[in-house]
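Enquirer: got a predicted structure plus its sequence, pasted below:
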Amino acid sequence: MSSSQETATESLRLTGKVKWFNNKAGFGFITVCDGEHQGKDIFVHYSSIRGDDSLYKYLVQGEYVDFDLVKSTSDKHEYHAVNITGIKNGSIMCETRKLSDNSARPRTTVRKYRTRPQRQSEPYTEVQVDVDADAGFEKVEKRRPRQSRA
């Protein structure tokens, strides 16, 4: 039997909220939400987080977790959290974030340019022709085709 199993102080799992967790250093604190240790800040090390071994394990500030409370053998902290999981043995946020990143997202194709329907152009129609005898010029007035508004 391991020493961590021998020194467990609670037969039931406790629930707590991650107060803070330093991903680079791999440790942080959980504030106990229930039981006789309610309100206490408990030390947590990344090696005590249960989960997929292929993932980088960490906790997110404000995340609720379940854990076992163990009497610490070091002088720095009275207790530390072990066997840390999500609520009711669910996933912790670092696992669910990994799953959501890999999930199939609907992809839409983006066009590089916007296509417009080609208009049917009508030829100019002649309306009136005036001949100015004094100037020797011919005046032609044309009407533009009506454009449809889309």
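Expert: Here it is on my side, so go on.

Enquirer: tell me where this protein has helices.
Expert: Applying DSSP state H to the chain gives helices spanning 3-6, 93-102.

Enquirer: rank those by pLDDT, which is bottom?
Expert: Here the lowest mean pLDDT among those goes to helix 3-6, at a mean of 42.

Enquirer: got any ranges where this protein has weak pLDDT?
Expert: Per-residue confidence of the chain (counting by pLDDT under 70) places the weak regions at 1-12, 97-140, 150.

Enquirer: in it, which spans are strands?
Expert: For the chain, the strands defined by DSSP state E cover 14-22, 27-32, 41-45, 64-71, 79-86, 125-131, 138-143.

Enquirer: could you check the angle the longest one makes with strand 79-86?
Expert: Regarding strand 14-22 and strand 79-86, their directions subtend 100 degrees when assessed with axes from the mean of the first three to the mean of the last three CA atoms, to 10 degrees.

Enquirer: ditto for the second one
Expert: Between the axis of strand 27-32 and that of strand 79-86 there is an angle of 80 degrees, by the same axes, to 10 degrees.

Enquirer: what's in contact with strand 27-32?
Expert: The contact list for strand 27-32 (CB atoms under 8 Å, 6 or more residues apart in numbering) reads 14-22, 38-46, 59, 65, 67, 69, 81, 84. Using the backbone N, CA and C atoms, a C-beta is placed for each residue, glycine as well.

Enquirer: quick one on the thing from earlier: mind putting the strands of the chain into TSV with distance to T96 and mean neighbour count?
Expert: Below are the strands of the chain laid out as TSV (distance: least, CB to CB, whole Å; neighbours: other CB atoms under 10 Å):
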stretch	distance to T96	mean neighbour count
strand 14-22	14	18
strand 27-32	18	20
strand 41-45	18	19
strand 64-71	13	20
strand 79-86	8	20
strand 125-131	68	9
strand 138-143	67	10
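
Enquirer: dump the ones you listed to JSON lines, plus distance to S54.
Expert: Shown next, in JSON lines, are the strands of the chain (distance: least, CB to CB, whole Å):
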{"stretch": "strand 14-22", "distance to S54": "20"}
{"stretch": "strand 27-32", "distance to S54": "21"}
{"stretch": "strand 41-45", "distance to S54": "19"}
{"stretch": "strand 64-71", "distance to S54": "20"}
{"stretch": "strand 79-86", "distance to S54": "17"}
{"stretch": "strand 125-131", "distance to S54": "75"}
{"stretch": "strand 138-143", "distance to S54": "74"}
